[in-house]
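Visitor: Got a predicted structure plus its sequence, pasted below:
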Amino acid sequence: MRIVTLVLGLALLGTLASAAEPDPAFVAAMREAEGNAKTPEGAPYDEAFGRTFAQKHEKILGECAKSLDASEMSSFDILARVTATGKLETVLVEPRTKLAECLRKNAVDHGYPGPPRPHYWVNVRMNIHQ
């Protein structure tokens, strides 16, 4: 699993964790993404995808954060299902905070490296630091 750490230039006072249980579809996709990352071809792809995702979304994440209260800022996981040509066909987030949902809705859906096989799940952990 690729972990992307983005430091937001905000004075964050705390985090709010979602008490809800993750969606079963998210849990199943996470299992698949974790399995993919453990394969010989998956580990390098995981790294390349995470790097590209961070580059494409750092500005978007900052824009999403501008309108939110510090209590709405917390780390989250993004699961993306990637087509053979590097387009995002599905993007899931947990916990489903306002920040996570904003990024999900505004995710750039093209321009990623092609995965080892079509319909490939990959996980990016968004660590939000105060």
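Guide: Looks like it arrived, so ask away.
Visitor: Tell me which residues of stretch 31-38 come out buried.
Guide: Buried residues in stretch 31-38, counted by 16 or more other CB atoms under 10 Å: E32, A33, N36, A37. Yep, even glycine has a C-beta here, placed from its N, CA and C like the rest.
Visitor: which residues in this protein form helices?
Guide: With DSSP state H, the ranges of helices along the chain come out as 24-37, 42-66, 98-105.
Visitor: by contact count, what packs against the second one?
Guide: Yep, that's helix 42-66 we're talking about. Helix 42-66 makes packing contacts with strand 2-7, helix 24-37, strand 76-82, helix 98-105, strand 120-129 when contacts are defined by 3 or more CB pairs under 8 Å, 6 or more residues apart in numbering; DSSP states H and E.
Visitor: Spatially central, which residue of this structure would that be?
Guide: Ranked by distance to the mean C-alpha position of the chain (CA atoms, centre = their mean), the top residue is I78 at 2.6 Å.
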